[in-house]
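Trainee: Output the structure for:
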Amino acid sequence: MVKRQLPRWSELRPLLRVKPPQFNPTRRRLSAAHSIADLRTIARLRTPRAVFDYTDGAAEAEISLRRARHAFRNVEFRPSVLRDVSSVDTSTTILGRPSKLPFSFAPTGFTRMMNHEGEPAVARVAERAGIPYALSTMGTTSIEDLAAAAPDARKWFQLYLWKDREASRDLVQRAQESGYEALLLTVDTPVGGARLRDTRNGLTIPPELTLKTIVDGAMHPAWWFNLLTTEPLSFASFQHWSGTAHDLINAMFDPSLNYSDLEWLRELWDGPLIVKGIQNPDDARRVVELGADGVILSNHGGRQLDRAPTMLELLPAVREAIGDRAEIMLDTGITSGADIVAAIALGADSCLIGRAYLYGLMAGGERGVEKAVDVLRTEIVRTLQLLGVHSISELNHTHATLRR
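Mentor: Alright, predicted model coming up:
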C-alpha cells in the first residue's frame, strides 16, 4: 500500500506560479495568439461577418486559395544536422536594399474597414520591423498621409490603372513626390472576380445599415463604435464610393490594360517597377524585357480567377524563364514563417503577406499587426534552425521539395 501525506506549503510553493492578471483587453487577447491561425480566430470574433469574410474569402468556390495553401502543406523540408545554429540571420535584400525579414506587407484595399487604425498602423509596424509596405490604390489613407505617418518606412505604391489615364498619371506623380520607393502595377484585375461571400453578405462601402448589419453590430459594438466615431472612410486615390467593391472595380479599372501601358509607366516612373499578378512564365519574361525590376507571382489571393495557377508550383518555371534578370516575389496562401522559408528555398527572392497581417489588424490594431510579425519572425528563425541553415541567403532547392 502506498503511504500518503499532506504536502507542506514549502514543498508546494516552488510548483505553483500564479499568472499575473492582464487588465489591458487587447494585450490579453493577443497573448493567446501563437500562430496566424490564432489571430484569424480572434479576428473573426472581433469584426462583423461581412468585414471578416471580405478579408478571409476568395472568388467563386475558393479553389485557388485552397490549392495555394495545400501546396505549402505539401512542402517537404530536408534538414541538415550538427550545424551551429545558435544564431541565424533573417535579413535579405529586396529591390537592392536591406530588409530585416524576407517578406513585405502586400497592398490591401479598404484597410480602415477592417480596423479603424488602418494603413498608418500597418506602415508604422513595417517601419519598426524594417520591411517594405505597399499602399493600395484602394487603400483608405491618402498617399501623402501614409507618407507622413511612417516617414522612415520603405513605402511602395500599388497602382491599378484607371480608365482615366491622367488620373493614373497623377497618382504616380503624387507617389513620386511623396518619396515612395517603388511602383507596383497590378495586372490581374481586368474585371472584378466573383467574390460570393461578399455578394451573399451584401457588403457595401461604406457598410449599409440593414436589419442584418444591426444585429451583427450588436455583437460587435467596439467595431461599430470605432467606425462611427472616426473620420469617414476615404481612399488613397479618390474621395468616396457608395456601392459594392465589385461594382467599384468594374466602374474604375481599365480592362484594356496591355503591354504598351507598362512601357508608358516605365517611362513615367524612374524608380523600381514591379508587376503583380504574373501567372505564367511567358508573361514574366515579357514584362522583364519591358523593364520590370521585379515580378510578383500572385493570383490575387485567390480573389480573381478561381482555378488559377498555384504560385508555389509555378515558381521554378518562372525562375527558369527570367533567371536573375529580375526579382521574384511570391504571395497567396502564406500562413506561416515556414511557408516563407519554403518559398525562398524553392526559388523566390522574397514573399508578400496580406491576410496574415490583416488578421492581426482586426484582432488588435497596430499591436495585432506587430504580433503577426513577431509570430512570423519566430517561425522563420525556428525553421532555419531546424533546417540547419544559418541565413536566408543560404536557402536553396536542396532544403525543400514539393511532394507529388
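Trainee: Counting neighbours, what do you get for the spatially closest residue to Glu117 that is not a sequence neighbour?
Mentor: Among residues not flanking Glu117 along the chain, Gly365 sits closest, at 4.4 Å (C-beta to C-beta, 6 or more residues apart in numbering). (Glycine included, C-beta is placed from N, CA and C.) A count of nearby residues for Gly365, using other C-beta atoms under 10 Å, gives 21.
Trainee: Quickly list what Phe77 is bridged to.
Mentor: Taking DSSP bridges as the rule, Phe77 bridges to Ala400.
Trainee: So it sits against Gln385, correct?
Mentor: No. Using C-beta atoms under 8 Å, Phe77 is not in contact with Gln385; the gap is 11.9 Å.
Trainee: All the helices of the stretch 251-400 of the chain, in order from the start?
Mentor: Ranges of helices within the stretch 251-400 of the chain are 259-268, 281-289, 311-322, 337-345, 355-387, based on DSSP state H, counting those that start in this stretch.
Trainee: What of the stretch 101-250 of the chain?
Mentor: Under DSSP H, counting those that start in this stretch, the stretch 101-250 of the chain gives helices at 111-114, 118-129, 143-149, 165-177, 196-201, 211-219, 221-229, 245-252.
Trainee: ranking these by burial, who's on top?
Mentor: The highest average neighbour count among the helices of the stretch 101-250 of the chain, using mean count of other C-beta atoms under 10 Å, belongs to helix 111-114 at a mean of 25.
Trainee: ok, now which ones touch Leu268?
Mentor: Residues in contact with Leu268, defined by C-beta atoms under 8 Å, 6 or more residues apart in numbering, are Arg169, Val172.
Trainee: can you check Ile278 too?
Mentor: Val187, Ala284, Val287, Val295, Ile296, Leu297, Ser298, Val318.
Trainee: Output these as a markdown table; include the columns distance to Val2, neighbour count and pLDDT.
Mentor: Listed next are the contacts of Ile278 as a markdown table, based on distance: C-beta to C-beta, whole Å; neighbours: other C-beta atoms under 10 Å; pLDDT from 0 to 100:
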| residue | distance to Val2 | neighbour count | pLDDT |
| --- | --- | --- | --- |
| Val187 | 74 | 22 | 96 |
| Ala284 | 71 | 25 | 98 |
| Val287 | 76 | 24 | 98 |
| Val295 | 69 | 26 | 98 |
| Ile296 | 66 | 30 | 98 |
| Leu297 | 64 | 28 | 98 |
| Ser298 | 64 | 26 | 97 |
| Val318 | 67 | 24 | 98 |
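Trainee: And the furthest pair within the residues you listed?
Mentor: Largest separation among these by C-beta to C-beta: Val187 and Val318, giving 14.5 Å.
Trainee: What distance do you get for the most centrally placed residue in the chain to His300?
Mentor: Closest residue to the average C-alpha location of the chain: Gly354 at 1.5 Å, with C-alpha atoms, centre = their mean. In this view, Gly354 and His300 are 10 Å apart by C-beta to C-beta, to the nearest Å.
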